[in-house]
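Chemist: next come a sequence and a model predicted from it.
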Amino acid sequence: MSAFLTADGLVALLTLTALEIVLGVDNLVFISIISGRLPAAQQPLARKVGLGLALITRLLLLFTISWMMGLTRPLFRIPFGGEISGRDLILLLGGLFLIAKATWEIYDKVEAGEEVPTAGGGGRRGFVSVILQIGVLDIVFSLDSVITAVGMVNDLPIMVAAIAIAMAVMLFAMEPVNGFIDAHPSLKILALAFLILIGVVLVADGFGQHVSKGYIYFAMAFSLGVELLNIRYHRKRRRRAA
């Protein structure tokens, strides 16, 4: 508890919380889009369960730091001298899953059009299917989140508090984000394109080619800004026409 009563501790808590919120945005977008395939009555519960799983995954990884560090040990080598560790495998598989899932969602929305959400037939089976997909990606997104926390702060209580606060903020932001994305279909395609970009970055990271997150977030922020201007432009045109 004493860690929270020092200036350094409070600065570390605020900084890490802000970073965890930023790192959790892609997770938030994925949960929002995937849960959108469920019937409307099940969507809020699926989003809450998804964020709950994200919190549990992050805390479990934090409390198994020694095991996580073991994930960085090379498991085998690939041609041209590269080494693959357990962490790399998780990033590779998660990135490929994210690319495949986002690509399929884009195809489904562009070619098949908007359909009645069913997520595998609806009902209990569809709900479980969505939760499993969210759970798989929670593991991948949690790796980045926890590695950032471990690299920035030495006090476990501060890490736990920062992640818990970030998850609480995301829980309150989930419904407004989901409503905004639903109200503007073009943002769904943009968000899915972001997920493909993140998937490519995860695959590259798995092969040892690190890409600075700053470049990724700048590209995402710029694209989002252009799309918001486009939405405002079309809204004004509709008002003038009316």
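Modeler: Great, that's in hand.

Chemist: which non-adjacent residue is nearest the residue nearest the centre of the chain?
Modeler: Centre of the chain computed as the mean C-alpha position; nearest residue by C-alpha atoms, centre = their mean is residue 27, 1.7 Å away. Sequence neighbours aside, residue 141 is the residue nearest to residue 27 in space, at 4.3 Å (criterion: C-beta to C-beta, 6 or more residues apart in numbering). For the C-beta atoms, the positions are set from N, CA and C on the backbone; glycine is no exception.

Chemist: pretty sure that neighbour belongs to a strand, no?
Modeler: No - under DSSP: H, G, I helix; E, B strand; the rest coil, residue 141 falls outside any strand and is assigned helix.

Chemist: and it, what is it in contact with?
Modeler: Each residue near residue 141 by C-beta atoms under 8 Å, 6 or more residues apart in numbering is listed here: 23, 24, 26, 27, 30, 54.

Chemist: rerun that using 7 Å as the cut-off
Modeler: Listed by C-beta atoms under 7 Å, 6 or more residues apart in numbering, the contact partners of residue 141 are 26, 27, 54.

Chemist: what's the pLDDT at the second one?
Modeler: It refers to residue 27. Residue 27 is assigned a predicted lDDT (pLDDT) of 77.

Chemist: can you show me the helices along the protein?
Modeler: Ranges of helices within the chain are 7-35, 43-62, 65-70, 86-107, 123-152, 156-183, 185-206, 213-241, based on DSSP state H.

Chemist: in TSV: these, plus distance to residue 78.
Modeler: Putting these into TSV (distance: least, C-beta to C-beta, whole Å) gives the following:
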stretch	distance to residue 78
helix 7-35	27
helix 43-62	26
helix 65-70	20
helix 86-107	10
helix 123-152	20
helix 156-183	33
helix 185-206	11
helix 213-241	24
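
Chemist: among the ones you listed, where is the model least confident on average?
Modeler: Lowest mean pLDDT within the helices of the chain: helix 65-70, at a mean of 62.
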